[in-house]
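Peer 1: 3D model of this:
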Amino acid sequence: MMISSRVTRFLLAFTAFAGLALICVPALATTYYVRTDGGTTAQCNGTANAPASAAPNCAWHSPMDALPPSGNGRTPNIKSGDTLVIEPGQFPVGLNSDTMAAYPDVCYTSFPWNCIMQPPPSGTTSQPTRIVGAGWDSGCAAPPQIYGVSGAYYTLDVGGASNVVVACLEITDHSACIDPYTPDPTIACSKSYPYGDWSETGVHAAGGSNVILQDLNIHGMANTGLWAGGMNNFTLRNVTIRANGYAGWMGDLGGGGNSSFSGTITLDHVNVSYNGCTEKYPSTTIYACWGQNNGGYGDGVGMAKTGGNWVITNSTFSYNTQDGLDLLYADGTGSVTIDRATAIGNAGNQLKASGTTTITNSVVVGNCDALAPFPHMAGDTCRAQGGALALEVAVPAQTVTLAYNTITGNGDCLIQAGTDIGVPLAATQVYQYYNNVFIGQPSAIPRDAGLNSCLDWYTDTSPNPETIRYVNNIVWQTRNTTCDGTGIICKDPQLVNETMAGFNPNLLSSSPAIGNASLSAYSVAWDYYGFPRSATGPIDIGAVAYRGQPYTGSGASDSPVPPPPKGGGTKSAGDLPAPVPAGPLDNKPVPYGSGLQPGAMRDHGLSAERYHRRGAPGFASTPQTVRASWPVPPSAAAPAMSVRATADQIAPDAEA
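Peer 2: Numbers count the residues shown, from 1 in each chain. I've put the predicted structure just below:
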């Protein structure tokens, strides 16, 4: 039977449309499973959450079944947009008898470091690839543990991948060693077979975009917790990076400018603590710490030159053996925003930032000698003179803002600030301080023996210096500070505990900070604890709004500030007169000292700060959540927090 040309054209058009429709339909994502009683890829297809006895529809027995080591054309056994669910249990990653049998071309004893999982395939913005622990989407009650063995470069690698989510995992190793650890060979990791159950890095993420790390506990790695840089849009949410032997988050990938971030880098509820130290496995007790002068490094978060907009909220940087948060190499093309942060006990500066920076509702305790009791911290406490904050303008016409913070410290000065080397000074470079509480402490810097820390120091000399504004700040016990009663109000803020040994930022009922913030200068919607502040006032000065703490002190609230030091010696800019009021913004510049403060901010270059590695792929070869007793919810008592560590024992993680 003859078919009309119209029908023929219709059938051809329909066939073409149907084919196009089939092409346009997105690939269906698959969920794969890993469990301790699963099987190999020869036994199981990984698509069912069932033991190997249910073969072939059963779970795999290792994450390395899903992401085998690259080599001989191996590709991941999951595809773009798939989800890999790891059930509760412990899963080794790296060279062992199992992987040597499965991947003999990559996993062998003479070079075990490269026996690692390859990165997952990239997903899409609407359908990311997921590597997650069971329960990742319902509270992550029992995260599985993946632990590195035999000196694996990375326990988990997402380098180069985009649109990836890693969630609900404990990432660690099963060794107390540090690689490298030169002060004590008994703590250094073994470099001979069988090597031991240690891994250099917890998570590696270099390049790629739109990567989310969520509900992770990265701790006890021999070298680095997170090695990540060169990414566009990177998010850490509810992540702990604790007690990794060389650094917490290393953002320097080496090789020039490929470390720079772009887009938005988000840290939300991130805890970065005790990096440059190790845990006394199998406990989480800290028992060895070292800093740069002893061959280590120790930044909690340390970046190379970077762009991007950094947004940091509800995060803690504590007791790291160099700086807590080091964004001093931000290049000024983006911004740094820090809100409701805690920074305490780091051996260098607590917070460092460059470029347009805003810090609000944060508590900074610059007890830079807190780790001094550890035997291999000699010369590493109070690095860069131990200033609580190091702030820098990276390009002309940028503004640094501190508002509603409570800041104390025993370094040379509470604030070290200035303009990046090579950037012309101008009055359009602005440092402004609104409604903060600043408390000086007896200095731990030998040259300042017998003196308190000064308020601020600016590194530059010029006839046209930056603009510096102090508006409605309570300043107490800083040396040689001139009080003007408006920008700098010299009164005892009357906190629950103002001593370095037990600092507690909660306000007593008699505090002059209560109800006296200047809303016209700067306002914020909440306090350090996240409780709302009134939009119309009155509200309180400092990070913590008053919550009914009883007054436990004695004496007048306006007792004298420490007298000026007697005799000669070099004075810092913080020793010079404070700004003279010049209208509501009090914007007359502060006088400057002469030249760079010895040892401040730029006392070491980028290359001197950064680490060396044994020879990770592509690089030159060279050698649980810590919960302090403070802060506390306002409904509870507010005990003091011990801010000095002890070398023999630090209480292990309460959640471990």
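
Peer 1: just for this protein, where's the confidence low?
Peer 2: For the chain, residues meeting the criterion pLDDT under 70 lie at 1-27, 256, 421, 460-464, 549-656.

Peer 1: please, where are all the helices along it?
Peer 2: 5-24, 63-66, 97-102, 606-609 (DSSP state H).

Peer 1: can you tell me the centre-most residue of the protein?
Peer 2: The centroid of the chain falls nearest to residue 301 when counting by CA atoms, centre = their mean (4.3 Å).

Peer 1: tell me who's in contact with it.
Peer 2: Residues counted as contacts of residue 301 (CB atoms under 8 Å, 6 or more residues apart in numbering) are 248, 249, 251, 272, 317, 324, 325, 326, 327. Where C-beta positions appear, they are placed from N, C-alpha and C, glycine not excepted.

Peer 1: cool, and residue 338?
Peer 2: Contacts of residue 338 by CB under 8 Å, 6+ apart are 312, 313, 325, 351, 353, 357, 358, 359, 360, 362.

Peer 1: I'd say the last one and residue 528 touch.
Peer 2: Yes - applying CB atoms under 8 Å as the test, residue 362 and residue 528 come out as touching, 6.9 Å apart.

Peer 1: overlap in contacts of the two?
Peer 2: 340, 406, 543.

Peer 1: let's have the contacts of residue 338 in CSV, adding neighbour count and distance to residue 397.
Peer 2: Converted to CSV, the contacts of residue 338 look like this (neighbours: other CB atoms under 10 Å; distance: CB to CB, whole Å):
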residue, neighbour count, distance to residue 397
312, 25, 23
313, 18, 26
325, 31, 24
351, 30, 23
353, 27, 17
357, 26, 14
358, 17, 16
359, 26, 19
360, 25, 21
362, 27, 25
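
Peer 1: can you tell me which of those lies closest to residue 104?
Peer 2: Top of the list for closeness to residue 104, among the contacts of residue 338 and by CB to CB, is residue 325 at 43.7 Å.

Peer 1: kindly state the beta-bridge partners for the closest one.
Peer 2: Per DSSP bridges, the residues bridged to residue 325 are residue 301, residue 351.

Peer 1: quick check, it in contact with residue 351.
Peer 2: Yes - using CB under 8 Å, residue 325 is in contact with residue 351, at 5.0 Å.

Peer 1: how distant is stretch 198-206 from the center of its chain?
Peer 2: 16 Å (CA atoms, centre = their mean, to the nearest Å).

Peer 1: how many residues are close by residue 233?
Peer 2: Neighbour count of residue 233, defined by other CB atoms under 10 Å: 19.

Peer 1: for residue 446, that is, sorry about that
Peer 2: 7.

Peer 1: and what of residue 137?
Peer 2: With other CB under 10 Å as criterion, residue 137 counts 12.

Peer 1: roughly how far apart are it and residue 167?
Peer 2: Separation of residue 137 from residue 167 (CB to CB, to the nearest Å) stands at 8 Å.

Peer 1: equivalent analysis for residue 318, please.
Peer 2: 24 Å.

Peer 1: neighbour count winner among the two?
Peer 2: Each of residue 318 and residue 167 has its neighbours counted (other CB under 10 Å); residue 318 has more, 24 against 21.

Peer 1: tell me which residues touch that one, please.
Peer 2: Contacts of residue 318 by CB under 8 Å, 6+ apart are 271-274, 300, 324, 342-346, 626, 628.

Peer 1: please, a ChimeraX command that selects the buried ones among the shared contacts of residue 362 and residue 528?
Peer 2: In ChimeraX syntax, the buried subset of those is picked out as below (16 or more other CB atoms under 10 Å):
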select :340,406,543
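
Peer 1: just the closest of the shared contacts of residue 362 and residue 528 to residue 232, please.
Peer 2: Once CB to CB is applied, the member of the shared contacts of residue 362 and residue 528 that ends up nearest residue 232 is residue 340, at 25.8 Å.

Peer 1: distance to residue 222 for the contacts of residue 301 - can I get that in CSV?
Peer 2: Formatted as CSV, the contacts of residue 301 follow (distance: CB to CB, whole Å):
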residue, distance to residue 222
248, 13
249, 16
251, 19
272, 17
317, 21
324, 22
325, 23
326, 21
327, 26
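
Peer 1: of the residues you listed, buried ones?
Peer 2: When these are checked for burial by 16+ other CB under 10 Å, the buried set is 248, 249, 251, 272, 317, 324, 325, 326, 327.

Peer 1: ok, and the closest non-adjacent residue to residue 56?
Peer 2: residue 45 (5.3 Å; CB to CB, 6 or more residues apart in numbering).

Peer 1: thought residue 59 was touching the one you found, still the case?
Peer 2: No - at 9.3 Å, residue 45 does not count as touching residue 59 under the criterion of CB under 8 Å.

Peer 1: run a quick neighbour tally on the residue nearest to residue 418 when sequence neighbours are not counted.
Peer 2: Leaving out its chain neighbours, the residue that sits closest to residue 418 by CB to CB, 6+ apart is residue 459, at 3.3 Å. The local packing of residue 459 (other CB under 10 Å) involves 22 other residues.

Peer 1: isn't residue 459 up against residue 415?
Peer 2: No - counting by CB under 8 Å, residue 459 does not reach residue 415; the two are 11.2 Å apart.

Peer 1: so how many other residues sit close to residue 396?
Peer 2: Neighbour tally, residue 396, other CB under 10 Å: 13.

Peer 1: phi and psi next, for it.
Peer 2: phi -60, psi 150 (degrees, to the nearest 10).
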